[in-house]
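Asks: Dropping the sequence and predicted coords here.
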Amino acid sequence: MNKIKKVHLSGENNISKDPENFIYKNEYRPQIHYSPKGNWINDPNGMVYYEGEYHLFYQYTPHDTQPDFDRMHWGHAVSNDLVHWDELPPAISPGEDGAIFSGSAVVDKNNTSGFFNEAGSGLVAIYTNNGNNAQPGKPQVQSIAYSKDNGRTWTKYEGNPVLFPTETLDFRDPKVFWHEESSNWVMVLAVSDHVEFYTSSNLKDWFFASGFGSDIPGIHRGIFECPDVFKLQVDEDPNTTKWILTLSIGDRNGVNPNDSEPPAGGSGMMYFIGHFDGKVFTLDETLESFDTIQWIDYGSDFYAAVTWDGIPNEDGRKIWVGWMNNWRYASTLPSKEWRGHMSIPREIQLRTYSEGLRLIQAPISELNQLRRSILSLQDITIKPDMNVLSDVSATKMEIIAEFEIGNAIEFGFKVRKSSSSNQETVIGYNVLNEELFVDRTKSNAVDFHPDFATKHKAPMKPEHRRIQLSIYVDWSSVEIFGNNGTTIISDTIFPDLGSRGLELYAIGGELKVVSLQINDLVSIWENQPN
């Protein structure tokens, strides 16, 4: 067996003491995920790539660590690599037109809006104004703003609002994209228990096209939020494509208590596969019950994810990021200076399996620049009560492992362990039940909400009697990509910074480790690229 030297992946001692970086050392602060310097953050908004920069806008309360829905702003950060982020001042602020709720941004490269006569192209944001008085009794309307200076300043369109609701109070979260085949802008909008599609030639004048989702059984437990629609290649074949519609389901104490709840409870995301002709989304298969719903993540903390617009065709990837939180306990998190953060960006693809087409997710390759290799093992056998990682200490890391199932009935990793073993987060696989799971019941701070101390499970069958895991551990989260991204569990955790032990365990029998790689991940607040 490989001899393992004692290694410490502390991370916190490597962050510089200058005032700009010192703030990123406070308790639970994510080291490989984006979070604002302070205050409240929720849904990602307006993700767009333009002139060499990735823009991340987000729901932001700049004056409080609690959400202030009457004074919600669009926060703003930019990146050259989707890994290192520069936080900018809030981009769009509330006013007499109402709070700035979720939405999207696009590159108007052909100046269809007429806003960019001098510049030729620019950015247009499309967002929900909440608390708008233009139409009495229906406070949620859609408005637009434009930027001629790479998103640094924004001008609200004098003709706002550009779209009014007809019936419902819930009329929000526009995701807009250019539909090449019909040469039109398309908006998909969350409207209570369904979504609606609208089309426009100029981003100002919108026309109803169709609705989707109101007649699908089992999916209406919560109000729909943050929809997205995009096209993906099947098995990376450019000649075979499908359209994906994603929906976030907000926990609102159940519109219909008989309908399906997200796997981990509270907030969750589902997806549908079909065809979109520029006006109507059509399912490939009829959904007969909630048992056939496809969930995007089986953890508590991946919500409101939407894709980046404007990524160049030569890149070819579809990338998104989600909010790592859950509305059941979002405002009670134990972090003090800020509340909430984003997931790591993920590439999404569509693959064919025996049970049909499935969405898969993988950490973006740009994250590899953070790796600092610590440990590599191959072809070893693990027995019960044997921990080959007892000398490894880590508060943030990447674990890439492949196992061959033997006679162990359960195996996996215990991360962020305390020396007294009263703190740990268990990332494991139950062989008999064919389930991937995360158990955070002993992850330390769990008593801030009764729904937090939980064990989350996801169905995952072995592939050729093997299980593959890619795990990202940060100061306050774990993200697990099982079997090359077919099964995902994303959970926040709040361990003491001194809880840094790591264990590879097996229960009930032996386990063969085909390969194991452990990498330290350099803090994104320290390792700024040249």
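Replies: Sure thing, it's come through.
Asks: can we go C-alpha only for contacts and neighbour counts from here?
Replies: Will do.
Asks: quick one: pLDDT of Gly265?
Replies: According to the prediction, Gly265 has pLDDT 89.
Asks: sec struct for it, please.
Replies: At Gly265, secondary structure determined by DSSP: H, G, I helix; E, B strand; the rest coil is coil.
Asks: and it, how many neighbours does it have?
Replies: Residues lying near Gly265 (other C-alpha atoms under 10 Å) number 17.
Asks: Would you confirm that it contacts Phe302?
Replies: No: Gly265 is beyond contact range of Phe302, at 11.7 Å (criterion: C-alpha atoms under 8 Å).
Asks: Could you point out the longest strand of this protein?
Replies: strand 237-250 (DSSP state E).
Asks: which residue is nearest the middle of this structure?
Replies: In the chain, the centroid-proximal residue (C-alpha atoms, centre = their mean) is Gly322; its distance is 2.0 Å.
Asks: so who does that residue touch?
Replies: Asp43, Pro44, Phe302, Tyr303, Ala304, Ala305, Val306, Met342, Ser343, Ile344, Pro345 (C-alpha atoms under 8 Å, 6 or more residues apart in numbering).
Asks: what about the spatially closest residue to the third one that is not a sequence neighbour, distance to Asp520?
Replies: Right, Phe302. Closest residue to Phe302 apart from its sequence neighbours, by C-alpha to C-alpha, 6 or more residues apart in numbering: Met324 at 4.9 Å. Met324 is 21 Å from Asp520, where distance means C-alpha to C-alpha, to the nearest Å.
Asks: between these two, which one's more packed in?
Replies: For Met324 versus Asp520, neighbours defined as other C-alpha under 10 Å are more numerous around Met324 (27 against 22).
Asks: ok so, going back, distance of the residue nearest to Phe302 relative to Glu434?
Replies: For Met324, the distance to Glu434 - C-alpha to C-alpha - is 26 Å.
Asks: returning to that earlier point: moving along the chain from the longest strand of the chain, name the first helix or strand you hit.
Replies: Sequence-wise, the next helix or strand beyond strand 237-250 is strand 268-276, with elements assigned using DSSP states H and E.
Asks: which other helices and strands contact the helix or strand just after that next one?
Replies: Note on strand 268-276: by DSSP H and E, the next helix or strand toward the C-terminus is strand 281-283. Identification of packing neighbours for strand 281-283 by 3 or more C-alpha pairs under 8 Å, 6 or more residues apart in numbering; DSSP states H and E yields strand 268-276.
Asks: list the buried ones in the strand it packs on?
Replies: The neighbour-count check on strand 268-276 (16 or more other C-alpha atoms under 10 Å) flags Gly268, Met269, Met270, Tyr271, Phe272, Ile273, His275, Phe276 as buried.
Asks: again with stretch 228-237
Replies: So, applying 16+ other C-alpha under 10 Å, buried residues of stretch 228-237: Asp228, Val229, Phe230, Lys231, Leu232, Gln233, Val234.
Asks: With stretch 213-229 instead?
Replies: Per 16+ other C-alpha under 10 Å, stretch 213-229 contains these buried residues: Gly218, Ile219, His220, Arg221, Gly222, Ile223, Phe224, Glu225, Cys226, Pro227, Asp228, Val229.
Asks: chain center to that stretch, what's the gap?
Replies: Relative to its chain's centre, stretch 213-229 lies at 18 Å (C-alpha atoms, centre = their mean, to the nearest Å).
Asks: end to end, how far does it reach?
Replies: OK, stretch 213-229 end separation, C-alpha to C-alpha: 13 Å.
Asks: How about stretch 192-212?
Replies: Span of stretch 192-212 from end to end, C-alpha to C-alpha: 11 Å.
Asks: I'd like the average pLDDT over that stretch.
Replies: 96.
Asks: what's the answer for stretch 99-117, then?
Replies: On average, stretch 99-117 scores 96.
Asks: Could you tell me which residues within that stretch count as buried?
Replies: 99-108, 111-113, 115-116.
Asks: Can you tell me what sits against the longest strand of the chain?
Replies: So strand 237-250 is in contact with 221-234, 262, 266-276, 303-305, 327, going by C-alpha under 8 Å, 6+ apart.
Asks: Neighbouring strands - and their directions - for that strand?
Replies: Applying DSSP bridges, strand 237-250 is found paired with strand 223-234 (antiparallel), strand 268-276 (antiparallel).
Asks: To Gln135, which of those strands lies closest?
Replies: strand 223-234 (21.6 Å; C-alpha to C-alpha).
Asks: ok, back up a step: mind putting the contacts of Gly322 into TSV with pLDDT, secondary structure and distance to Lys442?
Replies: What follows is these, written out as TSV (pLDDT from 0 to 100; DSSP: H, G, I helix; E, B strand; the rest coil; distance: C-alpha to C-alpha, whole Å):
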residue	pLDDT	secondary structure	distance to Lys442
Asp43	98	strand	28
Pro44	98	strand	30
Phe302	98	coil	21
Tyr303	98	strand	24
Ala304	98	strand	27
Ala305	98	strand	28
Val306	98	strand	32
Met342	98	strand	23
Ser343	98	coil	22
Ile344	98	coil	24
Pro345	98	coil	27
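Asks: Considering the residues you listed, which possesses the most neighbours?
Replies: Tyr303 (32 neighbours).
Asks: give me every residue that touches that one.
Replies: Asp43, Ser248, Ser267, Gly268, Met269, Gly322, Trp323, Met324, Asn325, Asn326.
Asks: What separation is there between the closest residue to the fifth one other than its chain neighbours and Ile348?
Replies: Yep, that's Met269 we're talking about. Nearest non-adjacent residue to Met269, counting by C-alpha to C-alpha, 6+ apart: Ser248, 4.4 Å away. As for Ser248, its distance to Ile348 is 16 Å (criterion: C-alpha to C-alpha).
Asks: Since that was my last question, I'll sign off now.
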